[in-house]
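# A predicted structure for the sequence below; I have some questions about it.
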Amino acid sequence: MDSSQTSTDTAPADWAGLHAAALAYRDGVVRYLRVLGASADLAEDLTQETYVRLLRRGATIRDPGAIRGWLRSVALNLFRADRRAQPRTVLSPDALDSLGERDPLAVAEP
C-alpha cells in the first residue's frame, strides 16, 4: 500500500451503496441508542463513533442489506462499553436509612 492509499481503499466494490444505506440508518441508530438509555449528546457521540468504525471496517461488510444489523450491533457494543466505564453508584448504609420505613423494593398496592 503506498502512502496515498487509506484503509478505506479496501472497501467493497459497492462502497457507494453501502454508504447510502448507512446514511439512511443514521437517525435510526440515534433513536436506538436513546431507547437504550443514552442521553441525546451521548447518542450523537456514539453514533459518530459507530460511523467511524464503519469507515474503518466497511470492507468486512459484503452485503449492504446487512448494514442495519451491523450498525446496531456496533452501537450497542459502544453503549455497553460506555456504561461499563461509568462509575457505579453505591448507596451507603446512611443513605439507605434515610429511606425510612419505606421498602424500596416493595410493590405498591393498588
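Received it, and whenever you're ready, just let me know what you need.
# what about the residue most central in space within the chain, which helix or strand?
The centre of the chain sits closest to A75, judged by C-alpha atoms, centre = their mean, with a distance of 2.4 Å. Using DSSP states H and E, A75 sits in helix 67-85.
# same deal with G28?
Secondary structure (DSSP H and E) places G28 in helix 26-36.
# quick one: contacts of the helix holding A75?
18, 21-22, 25, 28-29, 32-33, 36-38, 42, 46-47, 49-50, 53-54, 61 (C-beta atoms under 8 Å, 6 or more residues apart in numbering). Glycine gets a C-beta too; all of them are placed from N, C-alpha and C.
# Secondary structure element holding the closest residue to R34 other than its chain neighbours?
Among residues not flanking R34 along the chain, A43 sits closest, at 5.1 Å (C-beta to C-beta, 6 or more residues apart in numbering). For A43, the host element (DSSP H and E) is helix 40-57.
# what's that helix packed up against?
Judged by 3 or more C-beta pairs under 8 Å, 6 or more residues apart in numbering; DSSP states H and E, helix 40-57 is in contact with helix 26-36, helix 67-85.
# Perfect, that will be all.
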